Structures are given as C-alpha cells and as structure tokens.
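Visitor: below: sequence and its predicted model.
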Amino acid sequence: MTDMVRIRKRDENKGNACLNCGGTLFTEDYVRGENICTSCGLVLSEHTADSGPEWRAFTTEERNARARVGAPMTLTIADRGLSTTIGWQNKDANGRALTSTTRAAIYRMRKWHIRSKLHSSQHRNLSIAMSEMERISSQLGIPRDVRETAALMYRKALSKRLVRGRSIESVVASSVYLACRIHRIPRRLDEVVAETNANRKQVGYAVRLIVSRINIDVPLASAKDLIPRLSSDLLLEGRTVKKATEIIKNAEERFVTIGKDPGGIAGAALYIAGILEEDRRTQREIANVSRVTEVTIRNRYKELIRVLRISINNNS
DNA sequence: AAGACGAAAGTGGTTGA
DNA sequence: TCAACAACTTTCGTCTT
C-alpha cells in the first residue's frame, strides 16, 4: 500500500464502499488510528478517534481490574429499563392541582400500575435474580454480552418454571456458568459457585436441568479456551502460545482429550510448547495458574508426547 | 537447592445394574 | 441405591540439573 493510494482514498472516499475492491466492511484499528477494508486491506482513513480504552493491560488480572465500561443495560434489569412510573404529585403537566375526580382516577391507576408490576411473583423473582446476577458477574469480571446471555437464560428458566423449588441463587449461578460456556469464557463451576451462597451440588443439578430443558447449544469446555488466559498469566511469548494451540488441536483430533480436565491438557500443552520454543516454565508455575497439580501436568504431558510423537531433547 | 519423576493411597463424580 | 471405575489430588521418597 503506497502513500499515494492512501491519500487519494482518504480524499475521495466519502461513501461507505471501498474504492479498491468495493467491499463495505471495515475494521477500525484504533492502535494505529486507521480504518481498514477487511477484504483488501486498504487503509481508508487515518487518525480516527481512538475509541479503545486508554489503559493497557498485560495479564488477565490487570484487564479484570481495569475494565470498567459497558453497554447500556437491557435484559439484566428486571423490567429491561423500559418501565414508566406514574408520578406521585397530584399536579398536571402545567403544575396546576388536579380536580378531585381526576385525582381519584390517578390514584386508582397508580395503585394498579404498581400492583401489576411488583406484585407479580415472576417480576419479584426477576428483580432479585438480576441484582444477584449483576453482583456475581461483576465479581467474576464477566463482560456485558455474556451477562445478557445469562439473563436471557434465567428468563427462559423462569418461564419454564424451573426455578420453582430451587433457590434463585443456584439458578442464577448456573445461568452465569452456562453463559460463560456458550461464549467460551473460561470460568469453572467452582469459581462461579464460590461467589454465591448456593452449594455446588444444587448448582450442578440446575446446570444439567437447564441444559436438558432449554433448547440451546452448550459447547464443551475445551483446553484451547484456557490458553489465552493461562499464557498471559505466565507471560509466555506468542510463538509458544501458537505452538501450544497446535498441540491441543492435534490432541483433540486424536481424541486423547476426552474426559480429561481441560486445565491439565492446557497446562501440559503449554509446558511442552515452552520446552520446544525455549520459553520454558516450571511444572509448578503452570500447575498454579491452571489450577491442577504438577502430577496431572506430568501425566498429561507424558501422554501428549507419546500420542503425538513429540520428541523432547533436553539439551537446553 | 530447585525441579522433575513416579508410586501409593485417598477423594469426588459418573455410570450401569 | 450401590458398587465399580476413571480422573485427579495429596504425599513422599528419589533422581537430575
């Protein structure tokens, strides 16, 4: 891409189509301040406003600690933020006092308006559940769109009467957990349960119940999803991360990952990748961040190098 | 001294009768 | 409901770097 082309495009392109290939999709690269056509890579405008965060974060913890922005709330509020209320002053829009008959009518309307809203048991349930959900997910650092999914899930569970006879908390916890699974956010059930008063067994049961009764695809947790989180905590280099992802992909193709703790697989893959790429971490370091023991890392690692025929020459 | 290895015993969850 | 089972953990002694 020459400078000449860039300048010409910036001057001429006032519409929405790329002048080079006619594509209409652009990505905004706010690190470089450029607008880029996704199909041909043409830079359409430079020095765009930086809409990204002003902070930088290098590990998962830092990101969780610093991220503080989100979209406007919708499903996560019991009334979706759409309700209106009838004012309590007995005045009209011009500030004049109402006549007695109108005042009586307004009083009745207000009464039934409030009754229809708050006195519906489902609504009461929802408002408790949504504030609980908000608390849990902000504790866990869960992004806004995942919360939306969790809220949707809870609403479905509620409308199918799955909450009856179970604690609101346990169903909220399982909605959050399942939403994480759907969005491939690596959060284990224990982490979610730890933020609630519900016990693990109840939540586990609620999870299975929701999966069986609500028509949604819940992907199984894969070791691959854990790689970004673990490798940023271990400060591994890009090529090591890439290698580890490859190892997991191969392992999954050979069906050696089924029934195994994803943390163990991910940890072992990172360990092997670390040795191969000379970006090595000890078994203990990896075991700490992936929440399994060194023994499990060892077992998985032995298994992976046997099945994938990876030879490790320890001359480093 | 730190890291890696592997055996042995124990734990919590799943499966099938 | 219960026993069998696989996966994983804890603990610990030994070997290697």
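Guide: Yep, that arrived.
Visitor: can you find the residue of the stretch 101-250 of chain A that comes nearest to DNA strand B?
Guide: residue A:200 (5.6 Å; Cβ to the nearest atom of the strand). Just so you know, the C-beta spots here come from the backbone N, C-alpha and C atoms, and that holds for glycine as well.
Visitor: quickly list the domain ranges of chain A.
Guide: Domain assignment of chain A by automatic domain parsing yields the ranges A:3-46, A:122-213, A:223-307.
Visitor: I'd like the average pLDDT over the second one.
Guide: Per-region confidence: domain A:122-213 scores 89 on mean pLDDT.
Visitor: and it, does that touch DNA strand C?
Guide: No: using Cβ under 7 Å from any atom of the strand, we find that domain A:122-213 stays clear of DNA strand C, coming within 11.1 Å at best.
Visitor: first-to-last residue distance for that domain?
Guide: Criterion Cα to Cα, to the nearest Å; first-to-last residue distance in domain A:122-213 is 19 Å.
Visitor: doesn't residue A:278 fall inside a helix?
Guide: No: assessed with DSSP: H, G, I helix; E, B strand; the rest coil, residue A:278 is coil; it does not lie in a helix.
Visitor: just give me the neighbour total for it.
Guide: The local packing of residue A:278 (other Cβ atoms under 10 Å) involves 10 other residues.
Visitor: ok, the one 5 residues further on next?
Guide: Close neighbours of residue A:283, defined as other Cβ under 10 Å, add up to 17.
Visitor: gap between it and DNA strand B?
Guide: Counting by Cβ to the nearest atom of the strand, to the nearest Å, the separation of residue A:283 from DNA strand B is 4 Å.
Visitor: ok, and the closest non-adjacent residue to that residue?
Guide: Nearest residue to residue A:283, sequence neighbours excluded (Cβ to Cβ, 6 or more residues apart in numbering): residue A:294, at 4.5 Å.
Visitor: could you count how many residues lie near the one you found?
Guide: Other residues close to residue A:294 by other Cβ under 10 Å number 16.
Visitor: then residue A:271?
Guide: For residue A:271, using other Cβ under 10 Å, the count is 26.
Visitor: hey, where'd the strands end up in chain A?
Guide: A:26-29, A:34-37, A:43-46 (DSSP state E).
Visitor: for the record, mean pLDDT for the second one?
Guide: The one in question is strand A:34-37. The average pLDDT within strand A:34-37 is 60.
Visitor: just put the domains of chain A in JSON lines and tack on distance to residue A:108.
Guide: JSON lines is the format used below for the domains of chain A (distance: least, Cβ to Cβ, whole Å):
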{"stretch": "domain A:3-46", "distance to residue A:108": "53"}
{"stretch": "domain A:122-213", "distance to residue A:108": "20"}
{"stretch": "domain A:223-307", "distance to residue A:108": "55"}
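Visitor: mind listing the helices for the stretch 101-250 of chain A?
Guide: Per DSSP state H, counting those that start in this stretch, the stretch 101-250 of chain A carries helices over the ranges A:121-140, A:144-159, A:168-182, A:189-193, A:200-213, A:223-234, A:238-253.
Visitor: want to throw those helices into a markdown table with mean neighbour count and distance to residue A:264?
Guide: Supplementary listing: the helices of the stretch 101-250 of chain A in a markdown table, determined by neighbours: other Cβ atoms under 10 Å; distance: least, Cβ to Cβ, whole Å:
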| stretch | mean neighbour count | distance to residue A:264 |
| --- | --- | --- |
| helix A:121-140 | 18 | 22 |
| helix A:144-159 | 20 | 25 |
| helix A:168-182 | 26 | 18 |
| helix A:189-193 | 19 | 15 |
| helix A:200-213 | 16 | 20 |
| helix A:223-234 | 21 | 8 |
| helix A:238-253 | 18 | 11 |
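Visitor: contacts only, for the nearest residue to the residue of the stretch 101-250 of chain A closest to DNA strand B once chain neighbours are set aside.
Guide: The shortest distance from residue A:200 to any non-neighbouring residue, by Cβ to Cβ, 6+ apart, is to residue A:193 (5.0 Å). By Cβ atoms under 8 Å, 6 or more residues apart in numbering, the contact list for residue A:193 reads A:173, A:199, A:200, A:203.
Visitor: export the helices of the stretch 101-250 of chain A as TSV, with columns for distance to residue A:307.
Guide: TSV is the format used below for those (distance: least, Cβ to Cβ, whole Å):
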stretch	distance to residue A:307
helix A:121-140	34
helix A:144-159	34
helix A:168-182	26
helix A:189-193	28
helix A:200-213	30
helix A:223-234	14
helix A:238-253	7
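Visitor: kindly report the residues of chain A close to DNA strand B.
Guide: So far as Cβ under 7 Å from any atom of the strand goes, chain A lies against DNA strand B at A:200, A:201, A:204, A:280, A:282, A:283, A:284, A:294, A:295, A:298, A:301, A:302.
Visitor: widest-spaced pair of these?
Guide: A:201 and A:280 (40.0 Å; Cβ to Cβ).
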